[in-house]
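# pasted the sequence and its predicted model underneath.
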Amino acid sequence: MLICKNDKTKKYKGTEPSPKGLGYCAHAEKTGTIKKGKNKEIWIIKKSSNGTKKWIKFYEIYDLTKIHQFHIIRSNSVIVAKKGKKQICTLDEKGNLYIKMSSKYVPSADSQIIELNIGKINITNEFNGLEFKYKKICYHIYYNLSSKRSSKLIKIIDKIFDKYVKKLSSNKVWKLICSNDSNNITKEHHYGNLILFYPHMLKQMKKGKKYYIVWQQGWNSEYTGYYNIAVMDYIDTRRSGSEVGIYGDIIQANGSIYGKKQYGIIHSYNSKEPFVSHGGDDPVHLVTKWRKGFKPPSSLPKANLFKKKD
């Protein structure tokens, strides 16, 4: 046995992979001390719950919130932190992702913690940032991939990703994307619970009735509903070839009536595709439940929530 360099009363074997193998016994070092071990890897002193100091392998931790235009999208809601709070999102060299959210508009996301290893889940980085599902809710850790100011950090993250994550098939990648058509139900959105509007759902709706819809761009980051929540006065449907169109008024919060009973103001390219807004491909959702504490714009007429039948 050899005598520790930092405590002459203690001994070590010399075969330990940590700095102890070089003579630096953990108990005599300050918490947070970093040294290279006998195995040439980096180690750090950590204190356990019982107060004992130990050498633990040190992994570089990268702060994803420092990447240009970083934000967290949870179930198609851009998560806005409460005043004075910040989002925490880190990734270490071993692929361990840690997230702690602060959420002003989505109560269920506030103080939520996610700890996982990216090598053990289905995850993609093929679009801006990382996208994955956790407990049946989809998350998008968004950042600007083309940002020059963050290019060094983005390269490091991509390197970690490539090291630990198996390449997914295009089908599996598509199922991870929060905004695509495979995610019919959007739970815990900042408006409430939403469902993609398909032609077959018209059978569960009554002509002459009004229904709340969520449409147009920006619905993931507009929190009042003034621009994205509207009321559809459902009168009838019309078909033109394979295309299905709604005939009826779309009443907006500013008092304007979109279309004025014009056919196809929202339409589906065929009976198996969801409805999209006229002049674009933005998805149209029906509202099944408002979030607790949220009310649609008071300037809208009273309408119905969609009641999905099993």
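Perfect, I can see it now. Residues are numbered from 1 along each chain as shown.

# list the buried residues in stretch 118-126.
Residues of stretch 118-126 classed as buried by neighbour count (16 or more other C-beta atoms under 10 Å): 118, 123-125. The way it works is simple: take the backbone N, C-alpha and C, and place the C-beta from them, glycine included.

# how about low-confidence regions in the stretch 51-200 of the chain?
The stretch 51-200 of the chain contains residues with pLDDT under 70 at 176-183.

# go with 90
Across the stretch 51-200 of the chain, the ranges flagged by pLDDT under 90 are 57-61, 76, 124-129, 135-138, 144-149, 166-188.

# quick one, strands of it?
53-57, 61-63, 71-74, 77-78, 88-92, 96-100, 113-117, 123-124, 130-134, 137-142, 185-186, 192-196 (DSSP state E, counting those that start in this stretch).

# close enough to count as contact, Lys38 and Pro19?
Yes - at 7.3 Å, Lys38 and Pro19 qualify as touching, with contact defined as C-beta atoms under 8 Å.

# ok, these two, which is more surrounded?
Neighbour count, other C-beta atoms under 10 Å: between Lys38 and Pro19, Pro19 has more, with 27 against 17.

# and the more buried one, what does it touch?
35-38, 43, 55 (C-beta atoms under 8 Å, 6 or more residues apart in numbering).

# quick check: pLDDT value at it.
The model reports Pro19 with a pLDDT of 96.

# can you tell me, leaving aside adjacent residues, what's nearest to it?
Take Pro19 and drop its neighbours on the chain: the residue closest to it by C-beta to C-beta, 6 or more residues apart in numbering is Lys35, 4.2 Å away.

# quick check: the one you found vs Pro17, distance?
12 Å (C-beta to C-beta, to the nearest Å).

# now do the helices in the protein.
Ranges of helices in the chain, per DSSP state H, are 151-164, 170-176.

# could you give the angle of the first one to strand 113-117?
Here helix 151-164 runs at 60 degrees with respect to strand 113-117, directions being taken by axes from the mean of the first three to the mean of the last three C-alpha atoms, to 10 degrees.

# so how far is helix 151-164 off the chain centroid?
How far helix 151-164 lies from its chain's middle: 19 Å, per C-alpha atoms, centre = their mean, to the nearest Å.

# is Lys20 in contact with Lys53, as I believe?
No - counting by C-beta under 8 Å, Lys20 sits too far from Lys53 to count as a contact (11.0 Å).

# show me which residues of stretch 3-19 are buried.
Buried positions in stretch 3-19, judged by neighbour count with 16+ other C-beta under 10 Å: 4, 12, 16, 18-19.

# okay if I get these as CSV plus distance to Lys163?
Below are these laid out as CSV (distance: C-beta to C-beta, whole Å):
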residue, distance to Lys163
Cys4, 35
Tyr12, 33
Glu16, 27
Ser18, 23
Pro19, 25
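
# nearest to Pro301, of those?
Using C-beta to C-beta, Ser18 comes nearest to Pro301 of the buried residues of stretch 3-19, at 69.5 Å.

# same list (the helices of the chain) but as CSV, adding mean neighbour count and distance to Lys302.
Putting the helices of the chain into CSV (neighbours: other C-beta atoms under 10 Å; distance: least, C-beta to C-beta, whole Å) gives the following:
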stretch, mean neighbour count, distance to Lys302
helix 151-164, 14, 48
helix 170-176, 14, 37
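
# now tabulate those helices in a markdown table and tack on distance to Ala81.
Output for these, formatted as a markdown table (distance: least, C-beta to C-beta, whole Å):
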| stretch | distance to Ala81 |
| --- | --- |
| helix 151-164 | 21 |
| helix 170-176 | 24 |
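
# point out where the stretch 201-310 of the chain drops to low pLDDT.
Along the stretch 201-310 of the chain, segments meeting pLDDT under 90 span 216-218, 237-248, 255-256, 258-274, 277-283, 308-310.

# strands along that one, start to end?
Remark: strands assigned in the stretch 201-310 of the chain by DSSP E, counting those that start in this stretch are 210-214, 229-240, 243-251, 257-258, 263-268, 276-277, 285-290.

# any chance of a markdown table for these, columns distance to Tyr139 and mean neighbour count?
A markdown table is the format used below for those (distance: least, C-beta to C-beta, whole Å; neighbours: other C-beta atoms under 10 Å):
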| stretch | distance to Tyr139 | mean neighbour count |
| --- | --- | --- |
| strand 210-214 | 20 | 22 |
| strand 229-240 | 24 | 18 |
| strand 243-251 | 31 | 21 |
| strand 257-258 | 33 | 16 |
| strand 263-268 | 28 | 20 |
| strand 276-277 | 24 | 18 |
| strand 285-290 | 19 | 20 |
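
# coming back round to it: could you report the pLDDT at the residue nearest to Pro19?
Predicted confidence (pLDDT) for Lys35: 94.
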